[in-house]
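Trainee: pasting a predicted model and its sequence here:
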Amino acid sequence: MRFSGALWGLLTVLLLNSCAKTNEIPLDRLDQALFAAKSPEEIRAFLAKNPTITQLYLRPDETTTDSALVADLHHRVNDPELNVLYKQVQDEFPAEHNELAQQLGEAFANIKKSYPDFKAPRVVTMATGFMGPDMVVTDSLIVIGLDYFVGPKAKYRPRGPAFPQYILRRYEKGYIAPSVVFALGDKYNATPTANRATADQTMLADMVYYGKGFVFTKAMMPEVADSLLIGYSDQQLTETYNAQDLVWAHFIDKQLLYETRSDVKERYMNERPFTAEIGSRCPGAIGRWVGWRIIGRYFDKQTNPSITDLMANADAKKLFQESGYKGQKEE
């Protein structure tokens, strides 16, 4: 059989497109199933069909009765305003050719290459008007509250003290897959915490833990933007990278690497609008970023870098020393 040049080119494009989608995983769209259940009886049937999701995601506490849960959901799925948000969820996360399904599928395939025993978890999507958490990640089940991640144009956005603006800006779809993969990497991220009495409680150990997590995520999602991994804006990343010698000098001058007091560690490791101890333009959780620089430099220096060897190494001090990091930029 002979093909013309144009036809052969078309077939090649179609074949490549087909191959590009082979890693797309199925998303269990329970958000659609829930909003299709308009009557109390249909909602009760939905809950009975999905007992794990009911217990893990939909019950705010164990005192919620079945009748109260059904009544609450019945009100929500029939609320016209909430249905506007639901429509936005469907527009942002279409059932076909879903970017999230593709990203997770590719990441799961990469994890499988490094860890052959890895079994891809079931991925469930929900939308309840922020009734459940933004995300639940376990080895076997991932639940993603898509209504959290519609973005700044959403009819409603999550509110409350847990969602200051510097955190809220990250609630967009691009942040979902990196957050999931980072959480899955926790299973492989060895830390010397088996015996708390002898465990490494230093800030350096915390920094290295996050650094390993970011390098793991980047290895499984090599195309993802660094800003989506750590949650800094592009400007913050650039400014912090350029000022890292000053950041590092602060850590050394204040003897922070081997600090063990929790209140001090929290100032550098926890989410904050900025790290006031260093300056108003220094992002919060700066210790996580420095940990990423340490482990990134260590990993880049390896002749045959192995993500499994890195994640299994719980010796934070050794990893730091062998990284040779002292606040310098890439050579």
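Mentor: Yep, that arrived.
Trainee: could you use CA atoms for every contact and neighbour count after this?
Mentor: OK.
Trainee: tell me the contacts of the residue nearest to Thr191 when sequence neighbours are not counted?
Mentor: The spatially closest residue to Thr191, leaving aside those adjacent along the chain, is Ala314, at 4.8 Å (CA to CA, 6 or more residues apart in numbering). Ala314 is in contact with Asn189, Ala190, Thr191, Pro192, counting by CA atoms under 8 Å, 6 or more residues apart in numbering.
Trainee: buried subset of those residues, written for PyMOL?
Mentor: Selecting only the buried entries of the contacts of Ala314 in PyMOL, with 16 or more other CA atoms under 10 Å as the criterion:
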select buried, resi 189+190+191
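Trainee: out of the contacts of Ala314, which is nearest to Trp292?
Mentor: Asn189 (13.7 Å; CA to CA).
Trainee: the closest one contacts Lys212, correct?
Mentor: Yes - counting by CA atoms under 8 Å, Asn189 does reach Lys212; the two are 7.1 Å apart.
Trainee: overlap in contacts of the two?
Mentor: Met311.
Trainee: residues near Ile252, how many?
Mentor: Residues contacting Ile252 under the criterion other CA atoms under 10 Å number 14.
Trainee: now the helix or strand hosting Lys318: mean pLDDT?
Mentor: Of the helices and strands defined by DSSP states H and E, Lys318 is found in helix 316-323. Helix 316-323 shows a mean pLDDT of 97.
Trainee: re earlier: now secondary structure, distance to Met131 and pLDDT too, for the contacts of Ala314, in CSV please.
Mentor: CSV is the format used below for these (DSSP: H, G, I helix; E, B strand; the rest coil; distance: CA to CA, whole Å; pLDDT from 0 to 100):
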residue, secondary structure, distance to Met131, pLDDT
Asn189, coil, 31, 97
Ala190, coil, 34, 94
Thr191, coil, 34, 87
Pro192, coil, 36, 74
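Trainee: let me know the closest of the contacts of Ala314 to Glu239.
Mentor: Nearest to Glu239 among these is Asn189, at 28.8 Å by CA to CA.
Trainee: and the closest one, how far is that from Val136?
Mentor: Remark: distance between Asn189 and Val136 (CA to CA, to the nearest Å) = 19 Å.
Trainee: next structured bit after the lowest-mean-pLDDT helix or strand in the chain?
Mentor: Every helix and strand in the chain was compared by mean pLDDT, DSSP states H and E; the lowest is helix 5-20, with a mean of 48. Later in the chain than helix 5-20, the nearest helix or strand by DSSP H and E is strand 28-29.
Trainee: mind giving me the packing neighbours of the helix or strand following that following strand?
Mentor: Next in sequence after strand 28-29, counting helices and strands by DSSP H and E, comes helix 30-35. Here helix 30-35 touches helix 40-49, strand 122-126, going by 3 or more CA pairs under 8 Å, 6 or more residues apart in numbering; DSSP states H and E.
Trainee: buried ones in the shortest one?
Mentor: What that stands for is strand 122-126. Buried-residue list, strand 122-126, by 16+ other CA under 10 Å: Val123, Val124, Thr125, Met126.
Trainee: how would you label the residue nearest to Thr191: helix, strand or coil?
Mentor: Secondary structure, DSSP: H, G, I helix; E, B strand; the rest coil: Ala314 is coil.
Trainee: separation between it and Met269?
Mentor: 19 Å.
Trainee: who touches Thr308 in this structure?
Mentor: Neighbours of Thr308 in contact, by CA under 8 Å, 6+ apart: Ser114, Tyr115, Tyr188.
Trainee: pretty sure the last one sits against Asp309.
Mentor: What it means is Tyr188. No - the criterion here is CA under 8 Å, and Tyr188 misses it with Asp309 at 9.9 Å.
Trainee: hmm, back to that, now the buried residues of strand 122-126 in a markdown table, with distance to Val247 and pLDDT?
Mentor: Formatted as a markdown table, the buried residues of strand 122-126 follow (distance: CA to CA, whole Å; pLDDT from 0 to 100):
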| residue | distance to Val247 | pLDDT |
| --- | --- | --- |
| Val123 | 39 | 98 |
| Val124 | 40 | 97 |
| Thr125 | 40 | 98 |
| Met126 | 40 | 97 |
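Trainee: dump those residues to CSV, plus distance to Phe216.
Mentor: Compiled in CSV, the buried residues of strand 122-126 are given as follows (distance: CA to CA, whole Å):
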residue, distance to Phe216
Val123, 20
Val124, 23
Thr125, 24
Met126, 27
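Trainee: can you tell me which two in those are farthest apart?
Mentor: The distance between the two most remote of these (CA to CA) is 10.1 Å, for Val123 and Met126.
Trainee: mind listing the shared neighbours of these two?
Mentor: Both Val123 and Met126 are contacted by Val143, Ile144, under the criterion CA under 8 Å, 6+ apart.
Trainee: so which of the buried residues of strand 122-126 is the closest to Lys87?
Mentor: Nearest to Lys87 among those is Met126, at 12.9 Å by CA to CA.
Trainee: what about the closest one, distance to Ala36?
Mentor: According to CA to CA, Met126 stands 12 Å off from Ala36.
Trainee: now do Val224
Mentor: Distance from Val224 to Ala36, by CA to CA: 34 Å.
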